[in-house]
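In: Below is the sequence, then the predicted model.
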Amino acid sequence: MARDDDFLPVLGRQRARGKGTARPVLGAILAATNLAQGGVFSRGRRSFTGSRIGRGSGMGQALGARDRFASLRSRRVIIKARVVHLKGKGFAAAKAHLRYVQRDGTSRSGERSELYGPDSDHADRDAFLNRSEGNRHQFRFIVSPEDGAEYEDLKPLTRRLMARMEQDLGTKLDWVAVDHFNTAHPHVHIIVRGEDESGQNLVIAKSYLSHGMRERAAELVDLDLGPRTDAAIARGLMAEVEQERLTSIDRRLLRETDGMGLVSPAHGDPFQQTTRTARLRYLEGLGLAESKGSHWRLSPALAETLKRLGEEGDIIRTMQRAYTVRGEEPPGARSWAKYDPSLPEAQALVGRVIERGLADELEDRHYLVVAATDGRAHYVDIGKGENFEALATDCIVRIEPKSGEVRAVDRVVVEVAAANEGRYSADLHLEHDPTASGSFVDTHVRRLEAIRRRLGSLEREPDGAWVIGPEHLATAAAYEAQRLRDNPVSVETLSPAPLEKLVGAEAATWLDRQLVGELQVTRADVGFGRELGDALKRRDRWLAQEGLVADQAGQRRYAPDVIAQLRRRELLRVAGQLSAELGLRFTESGPGERIEGVYRRHVDLMNGRYALIEKSREFTLVPWRPVLEREVGKSVSGIMRESGINWTIGRSREGPSIS
C-alpha cells in the first residue's frame, strides 16, 4: 500500500502571467543557488552551473584531470557528441539519420554499411526506432581513432567502449552503431537511446561527454595498439611545425601565455624546446608571433586565424578531391573560392554541380562544389541536408543568399500585443484589424508556434493567447539567425540535365531562356563560363535547323513562341510514353480549364516538374507545386491559370485549399 509521502516530483516550466518568457525551473534553481553563494560565507566557492548533473560526472572529472603531457603518449581518439531532441520533426529526422549512416559506399568493401548492436552484427533498424518512439532525446556519437586504419574491424572496439560506458554511467545502454571506412580516418557512428534501464530519461554529465568518453576510448586503443612511441610522437610534432592550422604545439603555447600575451619557448626537454622555437618562428612568418628577446608575443587573433586557415585548407583539399574523383583537371590555385552568403556583396551563383557531400556528419551539414559561370570553383555550405532534395551531378543550379531579417508578421504581432496589454491571439488580431482574413491571421499564429518550438522562449496562456513582451522582435531575430545557420542559401535547379544534353534537346531548356533574353547570366571566358558560351552557340545552330530562328538584316530573330513550342514538344513526347505505361489516354490542359482527379506522382521534365493527375480513363500533366507531395493518392481539383493552380483537396469544391 502506498504511503502518503510516496511521490515523485516532476519539475515542469513556470508560467508566470504577464512575463514575456517562461523561465525553466532548473534555471531558477541555479540562479538562486549562485545568489546564495554570493554572501560572506561563500568566499572561495565556485558558482554552481549544473555542468556535473547527470550520470558519469565523477568519472568524467577524474578522467579529464589526467596530465596534459601524458596525453602525448596516448593514442588520440576524436569523439563528437550531440544530444538530439525527438519532439516534433525530431523523430522523423532520427529515422532519416539512421538511413543516411547506412548509405552505400561506406563499408570497407565500398558497399552499404550494416547496422550492428551489442550482441549482433545485424541490428534491426525498425525495432530500434520503435523502442525510441516516445523518447525525449537520443545521443549521437562519432568515434574516430587517429590510428583507425590499423583496425580491420571497428565493432569489437565499439562494443568494449560501450561496455565501459555502461560501467561508468551505472546503467545498461540501448544502442546501435555503423562503421564508416569511406574517409581517410575510419570512424563509428553510435546512436544511443535517451532512456536508462529503469525507463527514465538518460542524462549524461557534460564532463563525461567532454572528457570521460574520449579518455575511455583512448585507453582501449592503447591496449590494442600500444602507446605511441617516442619516434611517432617526434614525427607528429615535427609535422606540426609548418602546418597552417591550430596545432597541439599552439595550444600548449596559448595555455602558457601570461597576461601580456608573452610566452617562452624554453622547456626542460630539448626536443620540445626545439619544436616550440621552430613553431614560433613559423608563426612569425605568418604575422602571428613577434620575438621579444627570450620571449615571444602571440597575436590575440592567433587561435582564430589558424582555425580559419585550417578550414580553408580543408575546403581546398575537398574541392581538389571532387575534381580528381571525376577525372577532371582541377582549376588553378587562384580559381578556388568559398561562397559566403553573409557578406553584403554576396551575389547569386550559377553553375554546374561537381559534388555534393557532408561537411559535418554529426550535424548533418552538407556542401556543394560548384563550377560557376565566373570561371571559378566555389565551395558552398548549404546547411542541413534535410532542407534540400537530391541533386544530380552536373545539374545546373542557381544559389542565392537567404535573408535573416525580422519579418512583417513579427511587427504585426508586436503591434497587436501593444494594443492589448502585451497579449496576442487570433481574436485580438481580428478585433485590431477587421479587414484581415482568417488565413492571414493563421500565418501569424503559425509563426509564433515555430518560434516557441525552436527557442522555447514564448509563453502561451490557457485561453490560447500569447504573452508578447517588448523584446519580441529581438526573439524573432534570434529565431531567424538560427534558421539561417541551418539553411543559409536557396538552391534552385535550373536544369536537371547536364549542359551537353541541353544542346540538342527537343524541349524548352535553360539555354533557350538565355538566347531569347528571358534570362541573363554573366559569364567569364574560362572554365564553366567558356563551356556555357560554347553550348549557347551550338544550341542556336540547332534551333536554326529546327526553323525556330533565322537571320533578318544581320540579326538573329527567334520565333515569338519558341519556348512554348519546345515546351509542348517535350510535354507531348513524355505524355505519349506515360500513356503507354499507364494504359490511359492523355488530355492536354490549357488556361481556364478545371482540373479534377487523383494526384499520383510528379514527373520531371527538362523544363520543370509536372503533376500527374489521373481520372477514370485519362490523365493530364499540369505544373507541380511542393504542397502536392503531401497529397499523393488524394482527389484534388483546381483551375489552370497562367500563374499556376490554386489546388483544393478532396472532391468537394469547398474543401481545404492549398496554394
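Out: That came through fine.
In: which residues in the stretch 551-659 of the chain form strands?
Out: 555-558, 585-586, 594-605, 608-614, 618-623, 635-641, 644-645, 647-649, 657-658 (DSSP state E, counting those that start in this stretch).
In: Pairing partners for the longest one, with directions?
Out: Just to be clear, that refers to strand 594-605. Next to strand 594-605 in the sheet, as set by DSSP bridges, lie strand 608-614 (antiparallel), strand 635-641 (antiparallel).
In: For the last one, give the mean pLDDT please.
Out: Averaged over strand 635-641, pLDDT sits at 85.
In: that older thread, single out the most deeply packed of the strands paired with strand 594-605.
Out: For the strands paired with strand 594-605, the largest average neighbour count (mean count of other C-beta atoms under 10 Å) is found in strand 608-614, namely a mean of 19. Any C-beta I mention is one placed from the backbone N, CA and C, and that applies to glycine too.
In: Pull the distance from that one to the chain's centre.
Out: Centroid separation for strand 608-614 versus its chain: 30 Å, with C-alpha atoms, centre = their mean, to the nearest Å.
In: Tell me which residue lies nearest the centroid of the chain.
Out: Centroid-nearest residue in the chain, with C-alpha atoms, centre = their mean: residue 384, separated by 1.9 Å.
In: I'd like to know how far that residue sits from residue 214.
Out: With the distance defined as C-beta to C-beta, to the nearest Å, residue 384 ends up 26 Å from residue 214.
In: number of nearby residues for the nearest residue to the residue nearest to the centre of the chain once chain neighbours are set aside?
Out: Excluding the flanking residues, the one nearest residue 384 by C-beta to C-beta, 6 or more residues apart in numbering is residue 486, at 4.6 Å. Look at residue 486: counted by other C-beta atoms under 10 Å, it has 14 neighbours.
In: who wins for proximity to residue 122 among the strands of the stretch 551-659 of the chain?
Out: Residue 122 sits nearest to strand 594-605 of all the strands of the stretch 551-659 of the chain, at 32.9 Å, using C-beta to C-beta.
In: wait, residue 611 sits on residue 622?
Out: Yes - assessed by C-beta atoms under 8 Å, residue 611 is found in contact with residue 622 at 5.5 Å.
In: intersection of neighbour lists for these two?
Out: Common contact partners of residue 611 and residue 622 (C-beta atoms under 8 Å, 6 or more residues apart in numbering): none.
In: rewinding a little: nearest approach to residue 57 belongs to which of the strands of the stretch 551-659 of the chain?
Out: Closest approach to residue 57 among the strands of the stretch 551-659 of the chain is made by strand 657-658 (50.6 Å; C-beta to C-beta).
In: And the residue located most distally from the centre of the chain, its phi and psi?
Out: Distance from the C-alpha centroid of the chain peaks at residue 553, with 53.9 Å (C-alpha atoms, centre = their mean). Dihedral pair for residue 553: phi 60, psi 40, per degrees, to the nearest 10.
In: Just the buried positions in stretch 597-610, please.
Out: Within stretch 597-610, the residues that count as buried by 16 or more other C-beta atoms under 10 Å are 597-599, 602-603, 605-607, 610.
In: How about residues contacting that stretch?
Out: Here stretch 597-610 makes contact (C-beta under 8 Å, 6+ apart) with 495-497, 502, 505, 507-509, 566-567, 570-571, 574, 578, 611-615, 619-624, 628-629, 631-637.
In: If we use 6 Å, what do you get?
Out: With contacts defined as C-beta atoms under 6 Å, 6 or more residues apart in numbering, stretch 597-610 is touched by 496-497, 505, 507-509, 567, 570, 574, 611-615, 621, 624, 628, 631, 635-636.
In: Next, residue 378: secondary structure please.
Out: Following DSSP: H, G, I helix; E, B strand; the rest coil, residue 378 is assigned to strand.
In: Determine the number of other residues adjacent to residue 627.
Out: When neighbours are defined as other C-beta under 10 Å, residue 627 has 11 of them.
In: Check residue 200 too.
Out: 11.
In: got it, and the one 5 residues further on?
Out: By other C-beta under 10 Å, the residues close to residue 205 number 23.
In: So what does residue 436 have for phi and psi?
Out: As for residue 436, its main-chain torsions (degrees, to the nearest 10) stand at phi -70, psi 140.
In: Measure how buried it is and give me the count.
Out: 16.
In: confidence score at residue 260?
Out: At residue 260, the model reports a pLDDT of 85.
In: Could I get the full set of strands for the stretch 101-250 of the chain?
Out: For the stretch 101-250 of the chain, the strands defined by DSSP E, counting those that start in this stretch occupy 137-145, 175-180, 187-193.
In: returning to what we had before: the residue nearest to the centre of the chain pairs with what?
Out: In this entry, residue 384 is beta-bridged to residue 365, by DSSP bridges.
In: In this structure it contacts residue 363, no?
Out: No - under the criterion of C-beta atoms under 6 Å, residue 384 makes no contact with residue 363, lying 7.9 Å away.
In: Look up the closest residue to residue 194, ignoring the ones flanking it.
Out: Leaving aside its chain neighbours, residue 194 sits nearest to residue 137 (3.9 Å; criterion: C-beta to C-beta, 6+ apart).
In: Near that neighbour, how many other residues are there?
Out: Residue 137 has 19 neighbouring residues, counting by other C-beta under 10 Å.
In: Relative to residue 247, how far out is residue 230?
Out: On the measure of C-beta to C-beta, residue 230 and residue 247 end up 19 Å apart.
In: hang on, I meant residue 587
Out: Per C-beta to C-beta, residue 587 is found 68 Å from residue 247.
In: Between these two, which is the more surrounded one?
Out: Set side by side, residue 587 and residue 247 show more neighbours around residue 247, with 20 against 14, by other C-beta under 10 Å.
In: what's the more buried one in contact with, if anything?
Out: Taking C-beta under 6 Å, 6+ apart as the criterion, residue 247 is in contact with residue 240.
In: what's the answer for residue 291, then?
Out: Residue 291 sits next to no residue when contact means C-beta under 6 Å, 6+ apart.
In: Next one: it from residue 536, what distance?
Out: Using C-beta to C-beta, residue 291 is found at 58 Å from residue 536.
In: Determine whether the claim that residue 74 is in a helix is correct.
Out: No - using three-state DSSP, the secondary structure at residue 74 is coil, not a helix.
In: Count the residues that sit near it.
Out: 15.
In: Neighbours of the residue nearest to it when sequence neighbours are not counted, how many?
Out: Once flanking residues are discounted, residue 74 sits nearest to residue 218: 4.9 Å by C-beta to C-beta, 6+ apart. A count of nearby residues for residue 218, using other C-beta under 10 Å, gives 21.
In: Where does pLDDT dip in the stretch 101-250 of the chain?
Out: Within the stretch 101-250 of the chain, the stretches with pLDDT under 70 are 104-105.
In: And the helices in it?
Out: Counting by DSSP state H, counting those that start in this stretch, the stretch 101-250 of the chain has helices at residues 125-132, 155-169, 206-207, 213-225, 230-240, 248-256.
In: cool, the stretch 351-500 of the chain as well?
Out: Using DSSP H, counting those that start in this stretch, helices in the stretch 351-500 of the chain cover 408-418, 426-432, 438-455, 472-486, 499-502.
In: list the buried ones in the last one?
Out: In other words, helix 499-502. Using 16+ other C-beta under 10 Å as the burial criterion, the residues of helix 499-502 that qualify are 499, 502.
In: Let me see the domain layout of the protein.
Out: Here the domain parsing of the chain from automatic domain parsing is 57-225, 240-300, 408-486, 564-658.
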